[in-house]
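Student: sequence plus the predicted model coming up.
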Amino acid sequence: MASKKDFTPEEWTRVLESMILCSVAVSAADPSGLWGTLKEALASKSALATSKSDFADCELVVAAIAEFDAREGRLPIREDLRKRLDRLHPTEVVQHSLDHLREVSVILDTKAPTDAAAFKALLCSIGQAVAEASVEGGLLGFGGMKVSDAEKATLADIAKALGTAA
């Protein structure tokens, strides 16, 4: 079983950032307005909370979620990502996120081969939860679809970037 000590500080930061970038990629793929974005952010947080029990047997997932749950672990990562992504167009945000996830996939496969699949499943589940959080299209909450085509495509791209089945 892998843990934080198996990674360099830079690699560990990249792994933690990936938990945010999965949700950011899906949100940026089909921006949902203020209310939708709020629902997607809450879905990401909820997915992490659910993952504590779903992946309780994976030390790497437990360690990453525990660090992310701590304000002092989460805040610097969010602020750094916000600075890097703030001026990017949504399509650039998606591409940046996918590039990052490819990099994290290699890190996980190299440093945590026994836990890589579970951690990648966590990342995919975060993306899926965000995609399902807000109805896309429609008017005033009527009509539209649960997961837009752009979100479906981004979820497939995330799975591909992580080297997992879509």
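Tutor: Happy to help now that I have it.

Student: CA atoms for contacts and neighbours, from now on please.
Tutor: Fine.

Student: can you give me the helices in this structure?
Tutor: Using DSSP state H, the helices of the chain run over 9-29, 33-54, 59-69, 71-85, 90-111, 116-131, 149-162.

Student: to Ser3, which of these lies closest?
Tutor: Distance to Ser3, taken as Cα to Cα, is lowest for helix 59-69 among the helices of the chain, at 4.9 Å.

Student: mind listing what Leu155 touches?
Tutor: Listed by Cα atoms under 8 Å, 6 or more residues apart in numbering, the contact partners of Leu155 are Val26, Cys124, Gly127, Gln128, Ala166.

Student: need the worst-confidence member of the residues you listed.
Tutor: Across the contacts of Leu155, the smallest pLDDT goes to Ala166, namely 57.

Student: would you agree Val62 is in contact with Lys52?
Tutor: Yes: counting by Cα atoms under 8 Å, Val62 touches Lys52, with 6.4 Å between them.

Student: worst mean pLDDT among the helices of the chain?
Tutor: Looking over those, mean pLDDT reaches its minimum on helix 33-54, with a mean of 77.

Student: what is the burial count for the nearest residue to Val94 once chain neighbours are set aside?
Tutor: Among residues not flanking Val94 along the chain, Ala25 sits closest, at 4.5 Å (Cα to Cα, 6 or more residues apart in numbering). For Ala25, the neighbour count with other Cα atoms under 10 Å is 27.

Student: what sits against Ala25?
Tutor: Applying Cα under 8 Å, 6+ apart, we find Ala25 in contact with Val93, Val94, Gln95, Ser97, Leu98, Gly127, Thr154.
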